[in-house]
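Asker: Dropping a prediction and its sequence here:
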There are 2 protein chains.
Amino acid sequence: MSKKISIAIDAMGGDNSPDKTIEGVKLFIKKNNLKDDFILNIFGKEELIHQKLKEFNISSNNIRVFDSKKVVSNDETPLTAIKNSKDTSMWNCIKHQVDGQSDISLSAGNTGVLLVISRMILKMMDNVSRPALAGLWPNKLGMNVVLDLGANIECDEQNLVDFAELGSALFKSLFSNEKPKVSLLNIGSEEVKGTEVLKKTSKILKKISSEENFIYKGYIEGNEMMDGNSNVIVTDGFTGNVALKTAEGTAKYITNNLKKSLTKNFFSKISLLFSYFSLKEFKDRLDPRKYNGAILLGLNGPVVKSHGGIDSFGFYQSINLCYRIIKGNLMSEIKKNLNHSKNV
Amino acid sequence: MSKKISIAIDAMGGDNSPDKTIEGVKLFIKKNNLKDDFILNIFGKEELIHQKLKEFNISSNNIRVFDSKKVVSNDETPLTAIKNSKDTSMWNCIKHQVDGQSDISLSAGNTGVLLVISRMILKMMDNVSRPALAGLWPNKLGMNVVLDLGANIECDEQNLVDFAELGSALFKSLFSNEKPKVSLLNIGSEEVKGTEVLKKTSKILKKISSEENFIYKGYIEGNEMMDGNSNVIVTDGFTGNVALKTAEGTAKYITNNLKKSLTKNFFSKISLLFSYFSLKEFKDRLDPRKYNGAILLGLNGPVVKSHGGIDSFGFYQSINLCYRIIKGNLMSEIKKNLNHSKNV
């Protein structure tokens, strides 16, 4: 029997927790009730967790509950986190992971604190200059991995090359049937465009591009990210964060306008009767909860940050993301990529 | 009689010109047939222009045609532009403007060349550190001015402060009934977020914020740009370009998906009959041609760059933009702003 996939879940982080986290666990258990290849290690106030598990009518042999009396507050800053976060549910997840008892940690709590304590406890991998936050982003043909989404506001060429290695390993772990195609986010496709850092990065990526780790496709502009011609998009954390949030804001603006138009008058309301299922499918495809979960890469083990304000369905998606990442052997894919490019 | 608004139009730039530019002129003349407060100075191959004016059945006392034998090629680079662009239709527009015969220039031609020769011929205003490209961007309540959109890929705090002055003057010239509210694009709203340049810029903007020039609202994140809480959004040209293009790509992705959903089956097609007018209004509101035209600010006169691939309706919008900018006294608004902040 092979080793089970072990996921450490901080049940206390984010809005409306532990209700939403435990309900997310319920959805995951329900969807995977025929599988026996995983263990969910749930960290939080033990009594409360057991009470919620009972409330939501969850019983499974694949759940373990670990008591953590403390919870990381939303007001905690990364500066005070190390002193104040010890023995919180978040801290204990990462600790469980570094001790080899979990493969991955998941929290919807304070992002800054999660980044700081993950880095401190798990430590950086050899040959990685900086950890990065990666996210999933839909494209016309499937899914992009985009990184960095905000862990590093300024990056040099070595950081960006590392992000290409990490991101394409993540892509391979999630979509084993597809080849990672890496692009660098820029403001034009010509060689002369962009900053000196981007030009240097592009040169290195051209050199290490290969069938084994990833194919480098060159520069990409913001409007081409969803074309499906590349699936791993590399950028610094400032640009990545602005791009991701601008896309979110634009999507919200458009769908709000659409909603307003389609409920404006009698005729447009009638039209909803006829287009109900088509519009539902449209809405489902664009549901941002499906892309919930930013993955911290470059440490000696992956950590997933769920959006704090997400609901139980979104939290379930991030548990599923953890499961898929480990099932896809993320860490060994990363090591393969780093080894390959070191030997070019 | 007050002086007429004089617009220099490069009829030869962009795809499918001069057909689309002259048809754009026709739309403008038609919409403004009762006004006599403008002159359109059209630059290009004289015979061809006259032929097209005849073809499109345009006759107006407000049109002048100026012969330019040469046209800036799409392959021209900014480096060779100065040598090769003399006496082109684009060059002659700017020349007409610097000689005081036009108030503003408009071209759909090569962007890099337009930026270089505008800067060379018109020269920078005193007290402005760098020119910037500004664009219009819809928000929930009206319209944003966003700058820089790509003229400067790296910016210091003085550049960004200048962009705030220039952008809020542009906003006032276009929307005289509204107060400019300036925000700085960042990856969080807290004081500690962002680069050192952003923190320094924020401090200066706080100091010069006033009822007379603009109200500084602090940092804004990508997803808040369309909320309508600010209407002048300041950023460096790299980030601004990525944000604008990401928004364009997202809008296209969503509307393509919507189109696919609504034409998928018999019932959804029926629904289109009932929602036709509501969806048309939805489409009209989001029509990117309405936002066509990036405005180069900070020189001794404004220059508008129309999208090269836009059609005649989009080109008409950019002629209209030129008209509104001059009618709104852009240059005197800029001077007021610069004077004000110099004296704080």
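Answerer: Arrived safely. Residues are numbered from 1 along each chain as shown, chains lettered A, B, ... in the order given.
Asker: Below-threshold pLDDT in chain A: ranges please.
Answerer: A:1-2 (pLDDT under 70).
Asker: Can you show me the helices along it?
Answerer: A:19-31, A:46-55, A:78-84, A:89-98, A:111-122, A:157-174, A:196-208, A:237-262, A:266-286, A:312-327, A:330-342 (DSSP state H).
Asker: Spatially nearest residue to A:Leu185, not counting backbone neighbours?
Answerer: In space, and not counting its chain neighbours, A:Leu185 is closest to A:Thr235: 3.9 Å by Cβ to Cβ, 6 or more residues apart in numbering or on different chains. Every C-beta, even on glycine, is put in place using the N, C-alpha and C of the backbone.
Asker: And A:Lys206, by the same measure?
Answerer: Closest to A:Lys206 by Cβ to Cβ, 6+ apart is A:Tyr216, at 5.8 Å.
Asker: residues contacting the one you found?
Answerer: A:Ala164, A:Val182, A:Ser183, A:Ser202, A:Leu205, A:Lys206, A:Ile208, A:Ser209 (Cβ atoms under 8 Å, 6 or more residues apart in numbering or on different chains).
Asker: in the sheet, who's paired with the closest residue in space to the fifth one that isn't next to it in sequence?
Answerer: Using Cβ to Cβ, 6+ apart and skipping residues adjacent in sequence, the residue nearest A:Leu205 is A:Tyr216, 4.2 Å away. When bridges are called by DSSP bridges, A:Tyr216 pairs up with A:Val182.
Asker: which one of the contacts of A:Tyr216 sits closest to A:Leu273?
Answerer: Of all the contacts of A:Tyr216, A:Leu273 sits closest to A:Ser183, with 42.5 Å by Cβ to Cβ.
Asker: okay but that closest one is in contact with A:Val232, surely?
Answerer: Yes. Counting by Cβ atoms under 8 Å, A:Ser183 does reach A:Val232; the two are 7.3 Å apart.
Asker: got a list of what the most centrally placed residue in chain A touches?
Answerer: Nearest to the geometric centre of chain A sits A:Ala294, at 2.4 Å (Cα atoms, centre = their mean). Contacts here follow Cβ under 8 Å, 6+ apart; on that basis A:Ala294 touches A:Leu133, A:Ala134, A:Gly135, A:Leu149, A:Val304, A:Lys305.
Asker: check contacts around the residue nearest to A:Leu185.
Answerer: A:Val146, A:Leu147, A:Asp148, A:Leu160, A:Leu184, A:Leu185, A:Ala243, B:Val242.
Asker: burial measure for the nearest residue to the fourth one once chain neighbours are set aside, as a count.
Answerer: If you skip the residues right next to it in sequence, A:Leu160 has A:Thr201 as its closest partner in space, 4.3 Å away by Cβ to Cβ, 6+ apart. Counted by other Cβ atoms under 10 Å in any protein chain shown, the residues lying close to A:Thr201 total 25.
Asker: my guess is A:Thr201 meets A:Glu165, correct?
Answerer: No. The pair A:Thr201 / A:Glu165 is not scored as a contact, 12.0 Å apart, by Cβ under 8 Å.
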